[in-house]
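Q: Just a sequence and a predicted model for now, questions to come.
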Amino acid sequence: MKSSGFTLVELVIVLVVVGILSVTAMGLFASRADFSASLAKDQFIASLLTAQQRALAHHSSSPVLFTVLQSADGSDWILTVSQGTESFTEKTIERAGAVLQIGGVTLADGGNRVVSFSGSGETLEGSDLTWRFTGESTHQFCLGEAGFAYSGACVP
């Protein structure tokens, strides 16, 4: 009669592998500031995509504006997509100690940065912009002059 099941050695190997993976993954979520920086990067990219899509869908003489405002007390970033007097979306993202640099300039408490999108979906910046979020590690993305945002540094 042949018995089926796992041997003790196989079970121990699985437990060791799961333990190693757990320790590795725990480092990704151990710091609130690091997680906040990573999450912020993704939410910024999504909001910039919304602004670009709005610009492409609604050709107008007035550009679509993406505004990032750092609250006066420095606790949040507030993202707004607007065109003319109409505001379409607004998101509030907790900073949790993370710092934002746009094109090498650090956004200060109470400060803001506006990126404009033309009717063709391109930015009116005149060049690519690197957005860098720094917590315990650094997360960055590039907003290309063509209006596309992607993870990583801008490539000349």
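A: It's in.

Q: For burial, what's the neighbour tally of S4?
A: 4 (other Cβ atoms under 10 Å). Placement of C-beta: from N, CA and C, glycine included.

Q: Quick check: it vs L15, distance?
A: 20 Å (Cβ to Cβ, to the nearest Å).

Q: Kindly report the same for V64.
A: In terms of Cβ to Cβ, V64 sits 53 Å off from L15.

Q: Tell me the helix or strand right after the helix or strand hosting I20.
A: In this assignment (DSSP states H and E), I20 forms part of helix 8-29. Per DSSP H and E, the first helix or strand lying C-terminal to helix 8-29 is helix 32-57.

Q: how long is stretch 50-67 end to end?
A: 12 Å (Cα to Cα, to the nearest Å).

Q: Give me the more crowded residue out of V64 and L15.
A: V64 (26 against 10).

Q: May I have the phi/psi pair for the more buried one?
A: phi -90, psi 130 (degrees, to the nearest 10).

Q: I'd assumed S82 was in contact with it.
A: Yes. The pair formed by V64 and S82 meets the contact definition of Cβ atoms under 8 Å, at 7.3 Å.

Q: what separates the residue positioned nearest the centre of the chain from E10, distance-wise?
A: Closest residue to the average C-alpha location of the chain: K41 at 1.2 Å, with Cα atoms, centre = their mean. As judged by Cβ to Cβ, K41 and E10 stand 40 Å apart.
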